[in-house]
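1. fold the following, please.
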Amino acid sequence: MKPAAILLLIVAAGSWAGALPGRAADFGLTDGNRITDQGGRQRVVRQPFGRIISLYGAHTENLFALGLDREIIGVTRHESHPPAARRKPVFSYHDDPEKFLAARPDLVLVRPMIDRGYRPLMERLEKSGIAVVSLQPGTIQEMYAYWEILGVLGGRKAQAAALTERFRQAVAAFAGLADRVETPKRVFFEAIHSKMKTFSPDSMPIFALETAGGINLAADAPPVRDTNIAAYGTERVLSHAAELDFYLAQQGVMNPVSRETITATPGFAVLKAVRENAVFLVDETIVARPTPRLLLGIAAIGRILYPSVFEPSAAAILRAAGLDPH
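-> Below is the predicted model:
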């Protein structure tokens, strides 16, 4: 597959899964309103933006979570959450700049891959006085900073702080459940089956796994080009054959895999997880996106690994965090 086709595939996925051609530069917030994005732009936000186009599903989901549904005037056609996002006008980085200009946005939110890959569009928007901000956190700590920046951009600082606090409390509650586990399960977490890759140790999927009490058997996996995907390979997976309690795989556009495909992989019949029917799939949008629904991913993994521990309490934790547990 050609590089351009790969880029389109990843973009179409609308999810963060780390398969990016190099993680973007650091981003941050200083002085309460000075933002540095991952394209190196610096911007002092003196007034909240009120007409926002989001070209990344996670941005859209988080803006809704901050109560900015009225300020969102455009999203991508791949939006799936929340359902209200599907009723918004649709925009694409493939669109003519005039379509954007006609909508009169004051802010277009993108992620670094789009920022780098569609420079003419970004430059045209900025020359027309439209702010462009490029963000995509890769770790949990970056996610907290990202939420704070979205709060500044949309004039929802307090809501962003509350969102972070609810998330932290839920994480602490899930960690408390995991502490009750007497025998932690050893897990391989698949990111891309066709290349037998896993996630880097500081990635969000591994955060979800470890918060749920799982032991990452691929903790020594080296990140691929400073991304959140990590190389591993079939042989190294097989080296853990006797100790692999569970085999998890993210499932979605980035990894369109089935249990049958995994269990039929040559050599995998010797894996303990395959022999004991402990191969499970997890929706990639709840383990690989920097949104509050990452808590759903933690709960899902906990229920798989330790149903007797997580099943009675996970729903209450999710409801306290403002999420529908079903």
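2. distance of Ser54 relative to Tyr93?
-> Plainly put, Ser54 is 12 Å away from Tyr93 if you go by Cβ to Cβ, to the nearest Å. The way it works is simple: take the backbone N, C-alpha and C, and place the C-beta from them, glycine included.
3. which ones are touching the residue nearest to Val133 when sequence neighbours are not counted?
-> Using Cβ to Cβ, 6 or more residues apart in numbering and skipping the chain neighbours, the partner closest in space to Val133 is Asp37 (4.9 Å). Contacts for Asp37 (Cβ atoms under 8 Å, 6 or more residues apart in numbering) come out as 27, 43, 133-135.
4. and Tyr232, by the same measure?
-> Residues near Tyr232 by Cβ under 8 Å, 6+ apart: 188, 196-198, 218, 221.
5. reformat these as CSV; add pLDDT.
-> Formatted as CSV, these follow (pLDDT from 0 to 100):
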residue, pLDDT
Phe188, 98
Met196, 94
Lys197, 95
Thr198, 97
Ala218, 96
Ala221, 90
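6. so of the residues you listed, which ones are in strands?
-> Counted as lying in strands by DSSP state E, out of the contacts of Tyr232, are 188, 197-198.
7. which of the residues you listed lies closest to Thr227?
-> Thr227 lies nearest to Lys197 out of the ones in strands among the contacts of Tyr232, by Cβ to Cβ, at 9.8 Å.
8. for that closest one, what are its contacts?
-> Lys197 makes contacts with 190-191, 224, 229-232, as judged by Cβ under 8 Å, 6+ apart.
9. tell me where this structure has strands.
-> Using DSSP E, strands in the chain cover 28-30, 34-36, 42-44, 52-54, 72-74, 107-110, 131-134, 186-192, 197-199, 215-216, 229-231, 246-251, 279-283.
10. show the average pLDDT along the last one.
-> Per-residue pLDDT over strand 279-283 has a mean of 98.
11. can you check the shortest one too?
-> Model confidence over strand 215-216 averages 98 on the pLDDT scale.
12. quick one: residues in contact with that strand.
-> Outside strand 215-216, the residues that touch it by Cβ under 8 Å, 6+ apart are 184-187, 189, 201, 206, 209-210.
13. repeat that for 10 Å
-> Residues outside strand 215-216 that contact it (Cβ atoms under 10 Å, 6 or more residues apart in numbering) are 184-189, 198-199, 201, 205-206, 209-210, 243, 245-246, 305.
14. and the gap between the spatially closest residue to Arg319 that is not a sequence neighbour and Asp283?
-> Using Cβ to Cβ, 6+ apart and skipping the chain neighbours, the partner closest in space to Arg319 is Pro325 (6.1 Å). Noted for Pro325: a distance of 14 Å to Asp283, by Cβ to Cβ.
15. of these two, which one has the most company?
-> Set Pro325 next to Asp283 and count neighbours by other Cβ atoms under 10 Å: Asp283 wins out with 16 against 13.
16. what sits against that one?
-> Neighbours of Asp283 in contact, by Cβ under 10 Å, 6+ apart: 15, 250-252, 289, 293, 296-297, 300.
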